[in-house]
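Novice: below is the sequence, then the predicted model.
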Number of protein chains: 2
Amino acid sequence: MIPTLTWTPEGVRFIDQTKLPLDESYVVASTWEQVANAIVTMVVRGAPAIGVSAAYGIALGAKLTTAKTARDFAPEFERICSGLAATRPTAVNLFWAIDRMKHLFGRLLTSGASLAQIQEKLLAEAHAMYEEDIAACKAMGAHGASLLPDEGGVLTHCNAGALATCGYGTALGVIRAAVERGKRIHVFADETRPFLQGARLTAWELMADGIPTTVICDNMAASLMRAGRIQAVVVGADRIAANGDFANKIGTYNVAILAREHGIPFFVAAPWSTIDLATESGDAIPIEERPAIEVTHHGGKQLTPHGVGIANPAFDVTPAKYVTAVITERGVLRAPYAESLREMELVG
Amino acid sequence: MIPTLTWTPEGVRFIDQTKLPLDESYVVASTWEQVANAIVTMVVRGAPAIGVSAAYGIALGAKLTTAKTARDFAPEFERICSGLAATRPTAVNLFWAIDRMKHLFGRLLTSGASLAQIQEKLLAEAHAMYEEDIAACKAMGAHGASLLPDEGGVLTHCNAGALATCGYGTALGVIRAAVERGKRIHVFADETRPFLQGARLTAWELMADGIPTTVICDNMAASLMRAGRIQAVVVGADRIAANGDFANKIGTYNVAILAREHGIPFFVAAPWSTIDLATESGDAIPIEERPAIEVTHHGGKQLTPHGVGIANPAFDVTPAKYVTAVITERGVLRAPYAESLREMELVG
């Protein structure tokens, strides 16, 4: 299994996703600040993966505290949570994970748990989230595999794979499950500028599984669709609003429009922790602007003229009307999403 | 003026477009084979520029021949034309320019012209095409400027600028003309993977003219359109078929779909030499597949895993239904293009 993130006695070990695919190296974050830095610098990325990373970061902060009592630790706990929450604004899984840890901490504090008990329970909660994440990916795969064609091309954007989760993947989990069930799928991986998650990460992990993969530039999708080479699109999500609008890696909205124009089904695969019913629509999702250097440089080499303007929004919002179905661990949702999401939230 | 290509006593001098924007260096092609190589390796690119380059290549071949008479030179002339025609398949301007030189050569041969006269006339014809190209760009600017908004964002894809022509540009000529008429235009330049003509060339030449420019990744266009930051799209073309379908740099079809989805006008600017009435529709336009290394590597650095599949079509075809208007030196054409193109061809 691809070791996206692993708890070790020294801290959280990450495969360094900024170095893949040619250099498979690892980074150990031994403090919560180092975990936060790994998220900011995209050593670890992907909505589910950064959620669980933040949970481990909190557990690590608790483990390393110099506070003597649970009460003494409380203000430090708040600072740790705030520090981890400030890393990236768009994916809601981060805030979901931090909130879950906060609720647990609050319950433990109220019940008079000792600092040692709190340290143990916070780590156990992070471990539980890790295991739940893998289970959710497997369940998404089971629910979503039947939606993909028995044979044909499937386009994906960015990396919503094992590297974006604790293992197996969301969108790539659905593809893996379809392949495991005997479907003959050829994956087209958008390279996904500027960070090249598709060219670097999706290609790497699908090749490791022997799934046929062709990397394309982001601007090639429409011509492949028109040529009949793509039968379905499946992507992940960083936040799904109450009306079904969703944020995902920049370029997802482009792909959604192109798919609809060509009559190709467009699926979103995400764990329930990605769904944010408190956010009414996509317009309210904050979009992170990343540093210009991600666009202007690659591998230390400058691509653009000195001083030119650069835009680098890391995400875009795709309105719900472009989404054929949302695949979650609880099942497959269809439009109208405002209703299907609320119903599924209630039945759990 | 940007010296895209210049006739010199030593041969054709090209600004090396593979080195821009950081390194402004020049290459002199002193044989027709070196001109062909400059086209293949994209030292010079852009449909109008490669047409005129081929004409100069033929003039250069004639100048350097060891044949003693016009009749002796004839088979060599055919080989030179074939060699230059084999460089790139999609842009029709290349074949248009070679055909024009062939017709002239045939007339001169029939009229009993001497080899020296033929050498002189072929070079004069190439010079004429060079001057006509600049004049056509200026005329496109004059016709097209009124189509752009008085103030707002204009998206362009690839480089259809001075660097793609003998000067001024087609799509960028229209933008330049609008700016010269006092319009306050902010250009969004798609970076245009894999060769980065937008990030490298469009950004460079617009900055040289002081036109405000923001480089975006190809996958960012839809979100900018949705945010109301783009009021028009203008692109060049490599071949326009009789029904108005047109081939242009890979990704143009994506942009056309996105523009229509957002109700944004989509303009194509190209000289009449780009129009190929002998090609019925876009389906019949040959699309060049370029080497995978353009996608897998940048600046000597490998981006993708070893052995992954790669697609690298250099162009795509946009159906005529997405085109708001075609801007040529003869005037502005509207749908139905099968009729407007035929009529304009007749009136000349």
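Specialist: That came in fine, so what should we check first?
Novice: quick one, what contacts the residue of the stretch 1-150 of chain A at minimum distance from chain B?
Specialist: Residue nearest to chain B within the stretch 1-150 of chain A: residue A:21 (4.1 Å; CB to the nearest CB). In short, each C-beta sits where N, CA and C put it, glycine included. Contacts were defined as CB atoms under 8 Å, 6 or more residues apart in numbering or on different chains; by that measure residue A:21 touches A:200, A:201, A:203, A:204, B:304, B:305.
Novice: assumed residue A:7 was part of a helix.
Specialist: No: going by DSSP: H, G, I helix; E, B strand; the rest coil, the assignment for residue A:7 is strand, not a helix.
Novice: who's it bridged to?
Specialist: Taking DSSP bridges as the rule, residue A:7 bridges to residue A:12.
Novice: what's the burial count for the residue in the stretch 51-200 of chain A that chain B sits nearest to?
Specialist: Here the stretch 51-200 of chain A gets closest to chain B at one residue, residue A:193, 3.9 Å apart by CB to the nearest CB. If you count neighbours by other CB atoms under 10 Å in any protein chain shown, residue A:193 ends up with 26.
Novice: now for it: which residues touch it?
Specialist: Counted by CB under 8 Å, 6+ apart, residue A:193 has contacts A:217, A:218, A:251, A:295, B:191, B:193, B:217, B:218, B:219.
Novice: now the buried members of those.
Specialist: A:217, A:218, A:251, A:295, B:191, B:193, B:217, B:218, B:219 (16 or more other CB atoms under 10 Å in any protein chain shown).
Novice: thought the first one was touching residue B:195?
Specialist: By that I understand residue A:217. No: counting by CB atoms under 8 Å, residue A:217 stays clear of residue B:195, with 9.7 Å between them.
Novice: how near is the residue of the stretch 1-150 of chain A closest to chain B to residue B:260?
Specialist: 37 Å (CB to CB, to the nearest Å).
Novice: now residue A:328
Specialist: To residue B:260, residue A:328 is 32 Å away according to CB to CB.
Novice: more crowded one of those two?
Specialist: residue A:328 (26 against 18).
Novice: once you drop chain neighbours, what's closest to the more buried one?
Specialist: residue A:272 (5.4 Å; CB to CB, 6 or more residues apart in numbering or on different chains).
Novice: based on its surroundings, how many neighbours for residue A:114?
Specialist: Other residues close to residue A:114 by other CB under 10 Å number 11.
Novice: also residue A:117?
Specialist: When neighbours are counted by other CB under 10 Å, residue A:117 comes out with 13.
Novice: same deal with residue A:28?
Specialist: When neighbours are counted by other CB under 10 Å, residue A:28 comes out with 13.
Novice: each with direction, which strands does the helix or strand harbouring it pair with?
Specialist: In the assignment (DSSP states H and E), residue A:28 maps to strand A:26-29. Here strand A:26-29 is paired, per DSSP bridges, with strand A:11-15 (antiparallel).
Novice: still on that earlier bit, export the buried ones among the contacts of residue A:193 to TSV and append columns for distance to residue A:312.
Specialist: Listed next are the buried ones among the contacts of residue A:193 as TSV, based on distance: CB to CB, whole Å:
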residue	distance to residue A:312
A:217	17
A:218	14
A:251	12
A:295	5
B:191	11
B:193	15
B:217	8
B:218	13
B:219	11
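Novice: those residues: which two are farthest apart?
Specialist: A:217 and A:295 (14.6 Å; CB to CB).
Novice: and residue A:281, what is it in contact with?
Specialist: Contacts for residue A:281 (CB under 8 Å, 6+ apart) come out as A:241, A:242, A:243, A:245.
Novice: how much space separates the second one from chain B?
Specialist: Distance of residue A:242 to chain B, computed by CB to the nearest CB, to the nearest Å: 19 Å.
Novice: the residue of the stretch 1-150 of chain A closest to chain B sits in which helix or strand?
Specialist: Counting by DSSP H and E, there is no helix or strand that carries residue A:21.
Novice: please apply the same query to residue A:211.
Specialist: Using DSSP H and E, residue A:211 is not contained in any helix or strand.
Novice: ok, now residue A:221?
Specialist: helix A:221-226.
Novice: alpha carbons only: can I get that helix in CSV?
Specialist: Only the C-alpha atoms of helix A:221-226 are listed here, as CSV (Å, rounded to 0.1, in the frame of the first residue of the first chain):
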residue,chain,number,x,y,z
ALA,A,221,-9.6,16.9,-22.7
ALA,A,222,-12.1,18.4,-25.1
SER,A,223,-10.5,17.0,-28.3
LEU,A,224,-10.3,13.5,-26.7
MET,A,225,-13.9,13.7,-25.7
ARG,A,226,-14.9,14.7,-29.2
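Novice: average pLDDT for the helix or strand just after that helix?
Specialist: For helix A:221-226, the following helix or strand on the C-terminal side (DSSP H and E) is strand A:232-235. For strand A:232-235, the mean pLDDT works out to 98.
Novice: contact residues of the stretch 1-150 of chain A facing chain B?
Specialist: A:21, A:22 (CB under 8 Å from any CB of the partner chain).
Novice: what about the helices in the stretch 1-150 of chain A?
Specialist: A:32-40, A:47-64, A:70-85, A:92-110, A:115-144 (DSSP state H, counting those that start in this stretch).
Novice: do the stretch 151-300 of chain A as well
Specialist: A:171-180, A:203-208, A:221-226, A:252-261, A:293-296.
Novice: so residue A:192 sits against residue A:161, correct?
Specialist: No: counting by CB under 8 Å, residue A:192 sits too far from residue A:161 to count as a contact (12.0 Å).
Novice: so what sits against both of these two?
Specialist: residue A:202.
Novice: higher neighbour count, these two?
Specialist: The neighbour comparison of residue A:192 against residue A:161 (other CB under 10 Å) goes to residue A:161, with 32 against 26.
Novice: got a pLDDT number for the more buried one?
Specialist: pLDDT at residue A:161 comes out at 98.
Novice: who touches it in this structure?
Specialist: Residue A:161 is in contact with A:46, A:169, A:170, A:171, A:172, A:173, A:201, A:202, A:205, A:206, counting by CB under 8 Å, 6+ apart.
Novice: neighbour-wise, give me the winner out of those residues.
Specialist: Going by other CB under 10 Å, residue A:202 tops the contacts of residue A:161 with 36 neighbours.
Novice: from memory that residue sits against residue A:175, does it?
Specialist: No: distance between residue A:202 and residue A:175: 9.7 Å, which falls outside the contact criterion (CB under 8 Å).
Novice: shared neighbours of the two, anything?
Specialist: Residues touching both residue A:202 and residue A:175 (CB under 8 Å, 6+ apart) are A:156, A:187.
Novice: give the contact list for the residue sitting furthest away from the middle of chain A.
Specialist: Checked against the mean C-alpha position of chain A, the extreme residue using CA atoms, centre = their mean is residue A:68, at a distance of 35.9 Å. Shown in contact with residue A:68 (CB under 8 Å, 6+ apart): residue A:115.
Novice: next, it: phi, psi?
Specialist: Phi and psi for residue A:68, reported as degrees, to the nearest 10, are phi -100, psi -20.
Novice: give me the neighbour count for residue A:307.
Specialist: 8.
Novice: now do residue A:203, the pLDDT please.
Specialist: 98.
Novice: what's the nearest residue to it if we skip its chain neighbours?
Specialist: Sequence neighbours aside, residue B:308 is the residue nearest to residue A:203 in space, at 4.5 Å (criterion: CB to CB, 6+ apart).
Novice: you'd agree that neighbour is up against residue A:202?
Specialist: No: with contact defined as CB under 8 Å, residue B:308 does not reach residue A:202; the gap is 9.6 Å.
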